[in-house]
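**Q** Would you be able to build a 3D model of this:
(2 chains)
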Amino acid sequence: DAGVIQSPRHEVTEMGQEVTLRCKPISGHNSLFWYRQTMMRGLELLIYFNNNVPIDDSGMPEDRFSAKMPNASFSTLKIQPSEPRDSAVYFCASSSRTSPLHFGNGTRLTVT
Amino acid sequence: AQTVTQSQPEMSVQEAETVTLSCTYDTSESDYYLFWYKQPPSRQMILVIRQEAYKQQNATENRFSVNFQKAAKSFSLKISDSQLGDAAMYFCAYRRSPNTGKLIFGQGTTLQVKP
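**A** Okay, here's the model as predicted:
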């Protein structure tokens, strides 16, 4: 298995632009998670899905952030409009009832 | 709400020596899972070891072992025969049983391995 696949690996954008991060979970995993990692706040859960349905989005910082999971093999995290304080590493992870979380390699987002 | 605390922001160990990283957590659940993840400079999150709360026996994976004290809500990681490749940030994490739901992380401990 290729593991959790995230794209892009790096993203540099200007303030005010729309940013879309993508994730392909491991086949057969029914839970998908989006985490954000910063020096100040560590690893924060933004949102997670079970069977493509959002279960807990309490970590989504504000309305500028949105996440979708249209099917079992794809999810997006969108930031619109982006701000410099959104600069961070964004991780996607997936799991099943019998396996722990497996993480993608993350997307490093820089907003200038 | 569940919380995970790692009180050691940084630790160092001499190569080939043993080091223990501390973790405490707070939960009202009786059944849950605990994990240690390693994050090297490549930023990849790698699962090191996991422990089911209902198991009294401490988990072991090669040079990595845990000391799980359920009553004290303590979950420390011991790394034996430390290697240069063990240098990384280590995160303790909690997940409510039955192995679903979100993973809650501690703040992390940066481990330096000195040659």
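**Q** Please enumerate the strands of the chain.
**A** Because you didn't say which chain, this covers chain A. Counting by DSSP state E, residue ranges of the strands within chain A are A:5-7, A:10-13, A:19-24, A:31-38, A:42-50, A:53-56, A:65-71, A:74-79, A:88-96, A:99-103, A:107-111.
**Q** if you could check chain B rather than the one you did, that'd help
**A** In chain B, strands defined by DSSP E lie at B:3-5, B:10-14, B:19-21, B:24-26, B:32-39, B:46-52, B:60-61, B:64-69, B:74-79, B:88-96, B:103-105, B:109-114, listed in chain order.
**Q** quick one: which of those is nearest A:E62?
**A** Between A:E62 and these, the tightest spacing by C-beta to C-beta is seen for strand B:103-105, at 21.5 Å. Where C-beta positions appear, they are placed from N, C-alpha and C, glycine not excepted.
**Q** for that closest one, packing partners?
**A** In this structure, strand B:103-105 makes packing contacts with strand A:42-50, strand B:3-5, strand B:88-96, judged by 3 or more C-beta pairs under 8 Å, 6 or more residues apart in numbering or on different chains; DSSP states H and E.
**Q** Can I get those in a markdown table including mean neighbour count?
**A** Output for the helices and strands packed on strand B:103-105, formatted as a markdown table (neighbours: other C-beta atoms under 10 Å in any protein chain shown):
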| stretch | mean neighbour count |
| --- | --- |
| strand A:42-50 | 20 |
| strand B:3-5 | 16 |
| strand B:88-96 | 22 |
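**Q** JSON lines for these, including mean pLDDT and distance to B:R63?
**A** Written out in JSON lines, the entries for the helices and strands packed on strand B:103-105 read as follows (pLDDT from 0 to 100; distance: least, C-beta to C-beta, whole Å):
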{"stretch": "strand A:42-50", "mean pLDDT": "93", "distance to B:R63": "24"}
{"stretch": "strand B:3-5", "mean pLDDT": "95", "distance to B:R63": "23"}
{"stretch": "strand B:88-96", "mean pLDDT": "94", "distance to B:R63": "13"}
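**Q** A:S87 is nearest to which of those strands?
**A** Minimum separation from A:S87 across the helices and strands packed on strand B:103-105 (C-beta to C-beta) falls at strand A:42-50, 13.9 Å.
**Q** From chain B, how far off is A:A67?
**A** Using C-beta to the nearest C-beta, to the nearest Å, one obtains 14 Å as the distance from A:A67 to chain B.
**Q** Identify the residues contacting that residue.
**A** A:A67 is in contact with A:W34, A:L46, A:I47, A:F49, A:P54, A:D57, A:M60, A:S75, A:T76, A:L77, A:K78, counting by C-beta atoms under 8 Å, 6 or more residues apart in numbering or on different chains.
**Q** So what sits opposite the closest residue to A:F74 other than its chain neighbours in the bridge?
**A** Closest residue to A:F74 apart from its sequence neighbours, by C-beta to C-beta, 6 or more residues apart in numbering or on different chains: A:K24 at 6.0 Å. Beta-bridge partners for A:K24, by DSSP bridges, are A:I5.
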